[in-house]
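> what's the 3D shape of this:
(chains A and B)
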2 protein chains.
Amino acid sequence: MTNITFPPAPSDKAALEEGAAFSPRFDANGLITAVVTDADTNALLMVAHMNATSLAMTLETGIAHYWSRSRGKLWKKGETSGNVQHIVSIATDCDQDAVHLSVRVAGDGATCHTGRRTCFYRNVSIRDGKPVLVDLGMKPLDDKDGHA
Amino acid sequence: MTNITFPPAPSDKAALEEGAAFSPRFDANGLITAVVTDADTNALLMVAHMNATSLAMTLETGIAHYWSRSRGKLWKKGETSGNVQHIVSIATDCDQDAVHLSVRVAGDGATCHTGRRTCFYRNVSIRDGKPVLVDLGMKPLDDKDGHA
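Residues are numbered from 1 along each chain as shown, chains lettered A, B, ... in the order given. Predicted coordinates for the structure are as follows:
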């Protein structure tokens, strides 16, 4: 599917943190955390997971691919809904155990399978000493899509 | 340390996704992913993990606490560096397996233990068909702090 491969993470911390080699540190399940934000507004859209194949396909195609933990398979986000995510940039963090995808969402712009623009549509608030969720009143857009 | 507790996640998907109960879905290691952004710029600062205690302490104190996986202990971010993170808002996503912390960073504003404002200081680029990291040229600020 793709020719892109990733080298194992260096044992040298300086190489991992300051080097030019991209050696994503997949976890025990072979996954890395992907944080997805809107390239135009910086808004946080979703958090998902990638295995080596989905990360390689994302880099190769410029379209975000994930690993669906719930369905146990490769997941081209937006394949059914049309809300494909076009990659503007990908970054990694100091210890290379997370990636940041800055994207533009096609179609009606929904990211969440509930039809909203972002999966983060509820704030946590403390009421009478207990945490509760407060809906931010985001209106679902037109379409739906599966999620991890 | 804190009186805040979290109910188990409801089996009913609609309750989980649209309800007002905050029932964070900690993973097999008792952790939830926390995405941290700058409240003023929306910039992605870091990705970390929280257990129930650190999440409860964050809600109770308004200061971000994490679980350091590398050190195996509660981690009040900025305790030694002064780069404490003051919570502006906390949100959760549709299936409540991630939280989003919008914060203001105290001290010199560094989030990364390398001294930079964000942990995401390198972009992934494809050169000659291979992924490499391109340093974004962010200047390290003054201070340092441990990370997960």
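> ignoring the adjacent residues along the chain, who's closest to the residue in chain A that chain B sits nearest to?
Residue of chain A nearest chain B, by C-beta to the nearest C-beta: A:Asn42 (3.5 Å). For the C-beta atoms, the positions are set from N, CA and C on the backbone; glycine is no exception. Leaving aside its sequence neighbours, A:Asn42 sits nearest to B:Asn42 (C-beta to C-beta, 6 or more residues apart in numbering or on different chains; 3.5 Å).
> look at that neighbour and report its pLDDT.
Here the pLDDT value assigned to B:Asn42 is 96.
> what secondary structure does the residue of chain A closest to chain B sit in?
Per DSSP: H, G, I helix; E, B strand; the rest coil, the secondary structure class of A:Asn42 is coil.
> can you pull the contacts of it?
Going by C-beta atoms under 8 Å, 6 or more residues apart in numbering or on different chains, A:Asn42 touches B:37, B:41-44.
> could you redo the last one with a cut-off of 10 Å?
A:102, B:37-38, B:41-44 (C-beta atoms under 10 Å, 6 or more residues apart in numbering or on different chains).
> in ChimeraX, how would I select just the buried ones from those?
Selection of buried members from those for ChimeraX, criterion 16 or more other C-beta atoms under 10 Å in any protein chain shown:
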select /A:102 /B:37,38,44
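> so which elements touch the longest helix anywhere in chain A?
Across chain A, the longest stretch assigned as helix under DSSP state H is helix A:52-61. Counting contacts by 3 or more C-beta pairs under 10 Å, 6 or more residues apart in numbering or on different chains; DSSP states H and E, helix A:52-61 is packed against strand A:32-38, strand A:44-50, strand A:65-68, strand A:73-76, strand A:85-92, strand A:98-105, strand B:122-127, strand B:130-135.
> packing partners for the first one?
This means strand A:32-38. Partner elements for strand A:32-38 (3+ C-beta pairs under 10 Å, 6+ apart): strand A:44-50, helix A:52-61, strand A:65-68, strand A:85-92, strand A:98-105, strand B:32-38, strand B:44-50, strand B:98-105.
> out of the ones you listed, which gets nearest to B:Pro131?
helix A:52-61 (5.7 Å; C-beta to C-beta).
> contacting residues around A:Phe120?
Taking C-beta under 10 Å, 6+ apart, one finds A:43-47, A:111-112, A:136, A:138, B:35, B:89-94, B:98-100, B:102 in contact with A:Phe120.
> not counting its neighbours along the chain, what's nearest A:Arg104?
Nearest one to A:Arg104, counting by C-beta to C-beta, 6+ apart, is A:His86 at 4.7 Å.
> no wait, A:Cys112
Counting by C-beta to C-beta, 6+ apart, the residue nearest A:Cys112 is A:Cys119, at 4.4 Å.
> what of A:Ala39?
Counting by C-beta to C-beta, 6+ apart, the residue nearest A:Ala39 is A:Val88, at 3.9 Å.
> tell me how far A:Val132 lies from A:Pro140.
With the distance defined as C-beta to C-beta, to the nearest Å, A:Val132 ends up 21 Å from A:Pro140.
> cool, A:Val84 as well?
19 Å.
> also A:Ile87?
25 Å.
> ok, A:His65 next?
Relative to A:Pro140, and taking C-beta to C-beta, A:His65 is found at 24 Å.
> tell me which of those two has more neighbours.
A:His65 (25 against 13; other C-beta atoms under 10 Å in any protein chain shown).
> for A:Gly82, which non-adjacent residue is spatially closest?
In space, A:Gly82 is closest to A:Gly107, 3.6 Å off (C-beta to C-beta, 6+ apart).
> A:Arg25 now?
According to C-beta to C-beta, 6+ apart, the nearest residue to A:Arg25 is A:Asp97 (4.4 Å).
> tally of neighbours for the one you found?
Neighbour count of A:Asp97, defined by other C-beta under 10 Å: 18.
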